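Trainee: With the input below, show me the fold.
(one chain, ligands or ions: 1)
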Amino acid sequence: MSPIRVELGGRSYDVQVGAGLIDDAIVQARDFIETYALTGGGSRKVPVVADTNARKYHGERLAHSLASDEYEIAWFDVKPGEGSKSWENLERLTDWLLELGVTRQDHVFALGGGVVGDLVGFACAILKRGVGFVQLPTTLLAQVDSSVGGKTAINTRAGKNLIGAFHQPSLVLVDTTTLATLPDREMRAGYAEVLKYGLLGDAAFFAWLETNGSKVLARDAAALEYAICTSIAMKAHIVAADEKETQDLRALLNLGHTFGHALEAETGFSHDLLHGEAVAMGMVLAARYSARRGGFDHADVIRVQRAVAAAGLPSRLEELGLKCSGSRLVDHMRHDKKAEAATLPFLLLRSVGEAHVARDVDLKDVAAFLDDELAG
Ligand code: GLY
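Mentor: Next up is the predicted model:
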């Protein structure tokens, strides 16, 4: 499988997708590891920051691969969960990297989902004003979204991802075999982001998912690889064209996220509603709201709802059993980092495969719409 290139001039990098890439890590990432061995005084230690589950399932394989060139891993464990994207962990991690003597020529490896990738990416962005890192994403969501594109961040009391930086990885290794141990619920949550790519910009891919989504969720190797590669290729294209979200292009990747963020905030960013589940519900709401404004066919709303429901993701707001008003959900949206002054951009749909940014949305109308949806 040829790599997917994220074209960013001198900061361009490859995303490799395939089964067993962790076993092959030494071959894929040798150039980046060797730098560390040289600048780190020939210590032959490779710094790997890992989610404890990812280390349990894949740590041995990575260690075995690196050992073939006589490298050892210096492990830094991170507990699973959003709580690990904290100031405290950032401090612990940067102190540890400094103690190891990591230099600007070195690379730190991130093994795990979006939490580990975001934390490591941000630590590397600020450590010595920029250290390289390699992403080894082990969840579907991280593979198709967060490991590619250089958005890195931690959470604070004021909200998620409010402290962060754009810092691109040097290499992303997507080993599809890691999904074999991913819980089904996490798999479905990651699949929401896959559906998002079809809905926002590729009608043929969306139609393919309508037919083959169950194979992807069942981890059929060929279907999975096709879905992951198609998603990453679209993300790579968008990031190359609008790296820092200064035009409306990268913002399209937030389809389903404005409504979804409000739902996550209302459920306390807890395990009750995973990010991908909120995005799935958010995409349905974006479709229904687009139809209400008259810009999207009702038949396409049904397609979106069916595709989301068929994946076992929430597709009706009343399913979530929220006890709140539409205006409370709108207040959550106003607090999202994407809010601009008094206006709030919404990602809406013209057709399946064509999203756009609407800047003329009346938030009172959104609150009334959500009241209707909450009532079922
Ligand atoms: N996850 C949205 C982005 O990378 O822009």
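Trainee: So what touches stretch 261-270?
Mentor: 82, 160, 273, 275, 278, 281-282, 320, 322, 324, 328-330, 332-333, 335-336 (C-beta atoms under 8 Å, 6 or more residues apart in numbering). Using the backbone N, CA and C atoms, a C-beta is placed for each residue, glycine as well.
Trainee: near the ligand, anything from that stretch?
Mentor: No: judged by C-beta under 6 Å from any ligand atom, stretch 261-270 stays clear of the ligand, getting no closer than 11.9 Å.
Trainee: Could you tell me the end-to-end distance of that stretch?
Mentor: Terminal residues of stretch 261-270 lie 12 Å apart, using C-alpha to C-alpha, to the nearest Å.
Trainee: and if you look at stretch 142-153?
Mentor: Note: stretch 142-153 ends 14 Å apart using C-alpha to C-alpha.
Trainee: Quick check: buried residues in it?
Mentor: Within stretch 142-153, the residues that count as buried by 16 or more other C-beta atoms under 10 Å are 142-153.
Trainee: Of these, which are in range of the ligand?
Mentor: Answer for these near the ligand (C-beta under 6 Å from any ligand atom): 145, 149, 151.
Trainee: Assign a three-state SS to Val102, would you?
Mentor: coil (DSSP: H, G, I helix; E, B strand; the rest coil).
Trainee: ah, wrong one, I meant Leu313
Mentor: Under three-state DSSP, Leu313 falls in the coil class.
Trainee: and it, what does it touch?
Mentor: If you count contacts by C-beta under 8 Å, 6+ apart, Leu313 has them with 188-189, 191-192, 276-277, 280-281.
Trainee: Put together TSV for the buried residues of stretch 142-153, with secondary structure, distance to Val308 and pLDDT on each row.
Mentor: Shown next, in TSV, are those (DSSP: H, G, I helix; E, B strand; the rest coil; distance: C-beta to C-beta, whole Å; pLDDT from 0 to 100):
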residue	secondary structure	distance to Val308	pLDDT
Ala142	helix	21	98
Gln143	helix	20	98
Val144	helix	16	98
Asp145	helix	17	98
Ser146	helix	20	98
Ser147	coil	24	98
Val148	coil	23	98
Gly149	coil	24	98
Gly150	coil	28	98
Lys151	strand	24	98
Thr152	strand	29	98
Ala153	strand	27	98
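Trainee: Tell me the one among the residues you listed nearest to Gly198.
Mentor: Nearest to Gly198 among the buried residues of stretch 142-153: Val144, at 11.5 Å, using C-beta to C-beta.
Trainee: can you tell me how far the closest one sits from Ala262?
Mentor: According to C-beta to C-beta, to the nearest Å, Val144 stands 23 Å off from Ala262.
Trainee: swap in Glu70?
Mentor: The gap separating Glu70 from Ala262 is 51 Å, by C-beta to C-beta.
Trainee: Those two - which one has more neighbours?
Mentor: Neighbour tally, Glu70 and Ala262, criterion other C-beta atoms under 10 Å: the higher count belongs to Ala262, 27 against 8.
Trainee: got the contact list for the closest residue to the ligand within the stretch 1-150 of the chain?
Mentor: Across the stretch 1-150 of the chain, no residue is closer to the ligand than Gly149, which sits at 4.2 Å (C-beta to the nearest ligand atom). Applying C-beta under 8 Å, 6+ apart to Gly149 gives the contacts 6, 168, 235, 239, 243, 250.
Trainee: among those residues, which are in reach of the ligand?
Mentor: Near the ligand, by the rule C-beta under 6 Å from any ligand atom, you find Arg250 out of the contacts of Gly149.
Trainee: Can you tell me which of the contacts of Gly149 lies closest to the ligand?
Mentor: Looking at the contacts of Gly149 and their distance to the ligand, the nearest is Arg250, at 5.1 Å (C-beta to the nearest ligand atom).
Trainee: distance of the closest residue to that closest one other than its chain neighbours from Leu253?
Mentor: What sits nearest to Arg250 in space, not counting adjacent residues and going by C-beta to C-beta, 6 or more residues apart in numbering, is Asp242, at 4.2 Å. Separation of Asp242 from Leu253 (C-beta to C-beta): 10 Å.
Trainee: neighbour-wise, which of these two wins?
Mentor: Leu253 (24 against 16).
Trainee: Now do the contacts for the more buried one.
Mentor: Leu253 neighbours (C-beta under 8 Å, 6+ apart): 145, 196, 200, 235, 238.
Trainee: hmm, back to that, want to throw the contacts of Leu313 into TSV with distance to the ligand, neighbour count and secondary structure?
Mentor: Output for the contacts of Leu313, formatted as TSV (distance: C-beta to the nearest ligand atom, whole Å; neighbours: other C-beta atoms under 10 Å; DSSP: H, G, I helix; E, B strand; the rest coil):
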residue	distance to the ligand	neighbour count	secondary structure
Arg188	18	20	helix
Ala189	14	24	helix
Tyr191	15	26	helix
Ala192	12	29	helix
Gly276	11	28	helix
Glu277	16	23	helix
Ala280	15	29	helix
Met281	17	26	helix
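Trainee: hmm, which two among those residues are most spread apart?
Mentor: Tyr191 and Met281 (13.5 Å).
Trainee: isn't Pro314 right up against Leu320?
Mentor: Yes: the pair Pro314 and Leu320 qualifies as a contact (C-beta atoms under 8 Å) at a distance of 6.1 Å.
Trainee: Can you work out which residues contact both of the two?
Mentor: Residues touching both Pro314 and Leu320 (C-beta under 8 Å, 6+ apart) are 273, 281.
Trainee: more crowded one of the two?
Mentor: More crowded of Pro314 and Leu320, by other C-beta under 10 Å: Pro314, with 19 against 16.
Trainee: could you pull out the strands for this structure?
Mentor: Secondary structure of the chain (DSSP state E): strands at 4-6, 13-18, 45-51, 72-78, 107-112, 132-137, 151-156, 159-166, 171-175, 346-351, 354-358.
Trainee: Just name the most buried of those.
Mentor: strand 107-112 (a mean of 28; mean count of other C-beta atoms under 10 Å).
Trainee: I appreciate the help and will end here.
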